[in-house]
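S.K.: Sequence and predicted structure are below.
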2 protein chains.
Amino acid sequence: MPLYNPLDMKRFSQQVFEKLGACPEDAYIAADALVRANLEGVDSHGISRLAIYARRMKEGRIQAAPHISVEKKGESVLLVDGDHGLGQIVAAHSVKAGMELAKKTGLAAVAVRNSNHFGTASYFCQMACEQGLGIMAFTNSPPGIAPWGGKKAFFGTNPIAFGFPTGTDTPVIIDMSTSVVARGKIILAAKQGQSIPNGWAMNEQGVETQDAQEALRGAVLPLGGAKGYALALAIEILTGVLSGAAFGPHVKNMYDEHDEKSNIGHFFILFDIEKFMDLSHFKLLIDQFLEEVKSVPKAEGVDEILYPGERRSKEYRRRLDTGIALSEEVEKELRLLGEELELYLPATILI
Amino acid sequence: MPLYNPLDMKRFSQQVFEKLGACPEDAYIAADALVRANLEGVDSHGISRLAIYARRMKEGRIQAAPHISVEKKGESVLLVDGDHGLGQIVAAHSVKAGMELAKKTGLAAVAVRNSNHFGTASYFCQMACEQGLGIMAFTNSPPGIAPWGGKKAFFGTNPIAFGFPTGTDTPVIIDMSTSVVARGKIILAAKQGQSIPNGWAMNEQGVETQDAQEALRGAVLPLGGAKGYALALAIEILTGVLSGAAFGPHVKNMYDEHDEKSNIGHFFILFDIEKFMDLSHFKLLIDQFLEEVKSVPKAEGVDEILYPGERRSKEYRRRLDTGIALSEEVEKELRLLGEELELYLPATILI
């Protein structure tokens, strides 16, 4: 696959969002979040999404320049109305407001309604870790997982994410869907005409399938069976019910052709570690903890025990150097998008 | 197995704790939490634990009358030192303080150190739901799960729990270990001389085993592989690192013979739903949500789709009526305990 310079791709993405009406700051955030996903090895949530975001912005299903409102309730609760802006933009504003509040009160919850797909939750976890804050992040998404015992997708693949700063440049970042696998991986497989492994998904009849297209019409299996169902349900309550956003099948899929807004909901909890103990002491403790985790006797064939966030961080540094790859399909989509908006897709890196 | 009247067993348990030095209010909470676990069908966390708690209280490893201190930091953070009291007692005091604070500020985090095994997390979730609050509850526990790629238990089986009130008498209660199965089930199997299913645990050599005794010396497998590892790690950070409690192998197992305190940590987040929306409106929304979940087309052979908390609630009502069963082993332990403390074990229910 051809390789691209990540900075070029970030500038291209930013220009796309600006051409569609986003202010430069918001366009930068959205571009940065997308390219960061590619750099970290999460291509399913990277610039392969740019074309669909752009199409929905042109149609007005995603607002390019949303009027995001933040309402404070009690001392420590923020309610955000995202005005149907792009999820990355709405979530970044929400997390920034939450960080500011948490630094005062020690703790903030931010419940977000009227938003859209926000890409990777890890992006927002990193924002918090850079400020010395801990974070829990959740979002719902269009139906992907069936209730346990059911055969029709109802919940999103609802990720649960955590971020904790460390004393090193590699924070603990956990970002996992509550399905066996993120639906984005199935979307990418379908796009690339590949099949998927057994145990990932069921078709519309409730039978396991290896056909990515069939899987997208069916349901993804929940992580660890009934326990993944319970987690997906809890996250749907936080992000879809408590926030006043849409929940379950009321969340509209941006990939489907209709004229409704997605109304995705997010939920963030931010902790100011300084209120629990000195941040420097916390960093000593968590570094000791992670060191001990990594020193556990290894199973046969294992080279190194990694903590969550390490692989992502290594891949980020590697791809910053080598560039990011685009499939032929994604490249074609972006080239067309560039033509429409009178922007040049950056040249590939010459090796 | 012989059946006992739950109220009789609650009184017996309360008397045990009082004889060992607990005040009546604390003794009642501990007894109520234990018997409630049996009533809800979670026998592994019920009065089968009474004898070991009592032994450790007599030895002073668990304080029967702890001086629990609660320190407020910022507007919304509480730091609790449990003074090595019984987990059920320390956690109940912590959650009560958290509920009071959340009602003012909308949100409270309670980080607890110097505690012990607290039984089921669901008990504290129910406390919050009864007051119209949402809750997330976490605890660590002695090493049970190996890091992904490791072969030695390091993390506890660290449960994650959620509670949300509903408009009915059955709140949403999720209480799940981050292992494939709660270690308590393996303890109970070992106690009853039973084997365990494949896929639950590894032995000390890192190989899967069906021998419950071997499994207790080895490690329980994490829920859904690497994702369960990540969840267990996040919970260990919240409960063991951020709280200032012990973490990983520094958490001492109350079943082992030594003279150290466990220093288990808990972490609670309480939400006052009223700050997000009118509680009555939330109840309408969540009831609609649960109704829609239950109405999803069922897979073949499934009678009813249940939401988390329903089975527990049905079992509670059933066992209130029929009584709770004790294995011969547990009955013998309790009879001996009663003799030591000059208390009569209640008579079985005559059928």
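M.R.: Nice, thanks for sending it over. Residues are numbered from 1 along each chain as shown, chains lettered A, B, ... in the order given.

S.K.: Just confirm A:Gln194 contacts A:Ala212, I think it does.
M.R.: Yes: A:Gln194 lies in contact with A:Ala212 (C-beta atoms under 8 Å); the separation is 6.5 Å. In short, each C-beta sits where N, CA and C put it, glycine included.

S.K.: Please identify which of these two sits among more neighbours.
M.R.: More crowded of A:Gln194 and A:Ala212, by other C-beta atoms under 10 Å in any protein chain shown: A:Ala212, with 21 against 11.

S.K.: who's in contact with the more buried one?
M.R.: Listed by C-beta atoms under 8 Å, 6 or more residues apart in numbering or on different chains, the contact set of A:Ala212 reads A:186, A:189-190, A:194-196.

S.K.: residues contacting A:Arg312?
M.R.: Taking C-beta under 8 Å, 6+ apart, we find A:Arg312 in contact with A:40-42, A:122, A:173.

S.K.: before we move on, what about A:Gln205?
M.R.: By C-beta under 8 Å, 6+ apart, the contact list for A:Gln205 reads A:151, A:218.

S.K.: Please produce CSV containing the contacts of A:Ala212, extended by distance to B:Leu326.
M.R.: Putting those into CSV (distance: C-beta to C-beta, whole Å) gives the following:
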residue, distance to B:Leu326
A:Ile186, 48
A:Ala189, 52
A:Ala190, 54
A:Gln194, 55
A:Ser195, 52
A:Ile196, 48
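
S.K.: PyMOL command for the buried members of these?
M.R.: The PyMOL selection below is limited to those of these classed as buried (16 or more other C-beta atoms under 10 Å in any protein chain shown):
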select buried, chain A and resi 186+189+190+196
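
S.K.: Tell me, how many residues neighbour the residue nearest to A:Lys275 when sequence neighbours are not counted?
M.R.: In this structure, A:Lys275 finds its nearest non-sequential neighbour in A:Gly106, 3.5 Å apart by C-beta to C-beta, 6 or more residues apart in numbering or on different chains. Neighbours of A:Gly106 under the rule other C-beta under 10 Å: 27.

S.K.: Compute the distance between A:Gly106 and B:Thr105, please.
M.R.: Between A:Gly106 and B:Thr105 the distance, using C-beta to C-beta, to the nearest Å, works out to 10 Å.

S.K.: list residues touching both of the two?
M.R.: A:76, B:75-76.

S.K.: that older thread, possible to save the contacts of A:Ala212 as JSON lines with pLDDT?
M.R.: Converted to JSON lines, the contacts of A:Ala212 look like this (pLDDT from 0 to 100):
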{"residue": "A:Ile186", "pLDDT": "88"}
{"residue": "A:Ala189", "pLDDT": "90"}
{"residue": "A:Ala190", "pLDDT": "90"}
{"residue": "A:Gln194", "pLDDT": "93"}
{"residue": "A:Ser195", "pLDDT": "95"}
{"residue": "A:Ile196", "pLDDT": "95"}
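
S.K.: so of the contacts of A:Ala212, which ones are in helices?
M.R.: In helices, defined here by DSSP state H, the members of the contacts of A:Ala212 are A:186, A:189-190.

S.K.: Can you show me the helices along the stretch 151-300 of chain A?
M.R.: Secondary structure of the stretch 151-300 of chain A (DSSP state H, counting those that start in this stretch): helices at A:183-191, A:212-217, A:226-236, A:279-294.

S.K.: Quick check, central residue of chain A?
M.R.: Centroid check for chain A by C-alpha atoms, centre = their mean gives A:Thr120 as the closest residue, at 1.7 Å.

S.K.: Measure how the helix of greatest length in chain A sits relative to helix B:87-105, angle-wise.
M.R.: In chain A, with assignment by DSSP H, the single longest helix is helix A:87-105. Orientation of helix A:87-105 against helix B:87-105 (axes from the mean of the first three to the mean of the last three C-alpha atoms, to 10 degrees) gives an angle of 100 degrees.

S.K.: So what's the gap between helix A:87-105 and the chain middle?
M.R.: 16 Å (C-alpha atoms, centre = their mean, to the nearest Å).

S.K.: Same question for stretch A:11-18.
M.R.: Its chain's C-alpha centre and that of stretch A:11-18 lie 19 Å apart, by C-alpha atoms, centre = their mean.

S.K.: same question, stretch A:102-114
M.R.: Its chain's average C-alpha position is 19 Å from that of stretch A:102-114, according to C-alpha atoms, centre = their mean.

S.K.: one step back: cross the contacts of A:Arg312 against strands and list the overlap.
M.R.: Counted as lying in strands by DSSP state E, out of the contacts of A:Arg312, are A:Ile173.

S.K.: so can I have a markdown table of the contacts of A:Arg312 showing neighbour count?
M.R.: Output for the contacts of A:Arg312, formatted as a markdown table (neighbours: other C-beta atoms under 10 Å in any protein chain shown):
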| residue | neighbour count |
| --- | --- |
| A:Glu40 | 25 |
| A:Gly41 | 16 |
| A:Val42 | 20 |
| A:Ser122 | 28 |
| A:Ile173 | 26 |
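
S.K.: now the contacts of A:Arg312 as JSON lines including pLDDT?
M.R.: Formatted as JSON lines, these follow (pLDDT from 0 to 100):
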{"residue": "A:Glu40", "pLDDT": "97"}
{"residue": "A:Gly41", "pLDDT": "95"}
{"residue": "A:Val42", "pLDDT": "93"}
{"residue": "A:Ser122", "pLDDT": "98"}
{"residue": "A:Ile173", "pLDDT": "98"}
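
S.K.: Of the contacts of A:Arg312, which belong to helices?
M.R.: Mapping these onto helices (DSSP H) picks out A:Ser122.

S.K.: of all the contacts of A:Arg312, which comes closest to A:Glu25?
M.R.: Lowest distance from A:Glu25 to the contacts of A:Arg312 (C-beta to C-beta) belongs to A:Ser122, with 21.0 Å.

S.K.: Hmm, the closest one is touching A:Glu40, no?
M.R.: Yes: counting by C-beta under 8 Å, A:Ser122 does reach A:Glu40; the two are 7.1 Å apart.

S.K.: hmm, back to that, could you export the ones in helices among the contacts of A:Ala212 as JSON lines, including distance to A:Ser313?
M.R.: Below are those laid out as JSON lines (distance: C-beta to C-beta, whole Å):
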{"residue": "A:Ile186", "distance to A:Ser313": "26"}
{"residue": "A:Ala189", "distance to A:Ser313": "26"}
{"residue": "A:Ala190", "distance to A:Ser313": "29"}
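
S.K.: tell me the mean pLDDT for the helix or strand containing A:Glu339?
M.R.: In this assignment (DSSP states H and E), A:Glu339 forms part of helix A:328-341. The average pLDDT for helix A:328-341 rounds to 95.

S.K.: Which positions in it come out as buried?
M.R.: By 16+ other C-beta under 10 Å, the buried positions in helix A:328-341 come out as A:330-331, A:333-334, A:337-338.

S.K.: same for it, what does it pack against?
M.R.: Applying 3 or more C-beta pairs under 8 Å, 6 or more residues apart in numbering or on different chains; DSSP states H and E, one finds that helix A:328-341 contacts helix A:6-19, helix A:50-59.

S.K.: tell me which residues of the last one are tucked away?
M.R.: Under the neighbour-count criterion of 16+ other C-beta under 10 Å, helix A:50-59 has A:50-57 buried.

S.K.: The longest one now?
M.R.: Residues of helix A:6-19 classed as buried: A:6, A:8-19 (neighbour count, 16+ other C-beta under 10 Å).

S.K.: can you check stretch A:220-238 too?
M.R.: Neighbour count says stretch A:220-238 has A:220-224, A:227-238 buried, by 16+ other C-beta under 10 Å.
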